[in-house]
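Asker: structure, please.
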Amino acid sequence: MYFQLKKKYNSKLDELNDKLAEKGDVLVFFNELFEQTNAFRNKNTSIVNKAEKIFQSSFNISIYSKSPIFKELIYKDYIEGKQKFNKEEQYLKNKVSEVLKEAKENKNNSI
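Answerer: Numbers count the residues shown, from 1 in each chain. Below you'll find the model as predicted:
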């Protein structure tokens with residue numbers, strides 16, 4: 001499933017590159033790139049969440065679920081790492097959105 005998504009995403013990027021070469025509008029290119037990347041990320045997040053559910057249920061019935069080290073790794077360290085990643089990802093997403101919005105406003109004001 002992931003490889004199909006990646007292939008589709010790469011195809012969209014190729015289309016965007018072609019549009020940029022034809023029209024030369026960098027702002028439109030980056031807006032579309034941001035949208036495509038965000039859609040790709042959302043689909044991958046969905047896949048990862050499904051895999052996590054499967055892993056959690058398998059872990060809970062395994063012999064490793066009794067180990068304090070594995071419990072801490074799965075229930076504490078992994079969750080904290082994922083939360084930090086999501087926080088940083090959201091920060092970057094917001095920053096890119098702000099930059100694109102500001103660039104669009106500047107472009108509109110200069111016309």
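
Asker: against which helices or strands is the lowest-mean-pLDDT helix or strand in the chain packed?
Answerer: When the helices and strands of the chain are scored by mean pLDDT, DSSP states H and E, helix 2-23 comes last with a mean of 80. When contacts are defined as 3 or more Cβ pairs under 8 Å, 6 or more residues apart in numbering; DSSP states H and E, helix 2-23 sits against helix 26-60. Yep, even glycine has a C-beta here, placed from its N, CA and C like the rest.

Asker: so which elements touch the helix it packs on?
Answerer: helix 2-23, helix 78-110.

Asker: of those helices, which is nearest residue 51?
Answerer: helix 2-23 (10.0 Å; Cβ to Cβ).

Asker: quick one, what contacts residue 49?
Answerer: Counting by Cβ atoms under 8 Å, 6 or more residues apart in numbering, residue 49 touches no other residue.

Asker: quick one: pLDDT of it?
Answerer: With respect to pLDDT, residue 49 has a value of 91.

Asker: just residue 111 next, same as before
Answerer: 62.

Asker: now residue 28
Answerer: 79.

Asker: ok so, going back, let me have the helices and strands packed on helix 26-60 in JSON lines, adding mean neighbour count as columns.
Answerer: Formatted as JSON lines, the helices and strands packed on helix 26-60 follow (neighbours: other Cβ atoms under 10 Å):
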{"stretch": "helix 2-23", "mean neighbour count": "12"}
{"stretch": "helix 78-110", "mean neighbour count": "11"}
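
Asker: okay if I get those helices as CSV plus distance to residue 67?
Answerer: Shown next, in CSV, are the helices and strands packed on helix 26-60 (distance: least, Cβ to Cβ, whole Å):
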stretch, distance to residue 67
helix 2-23, 30
helix 78-110, 14
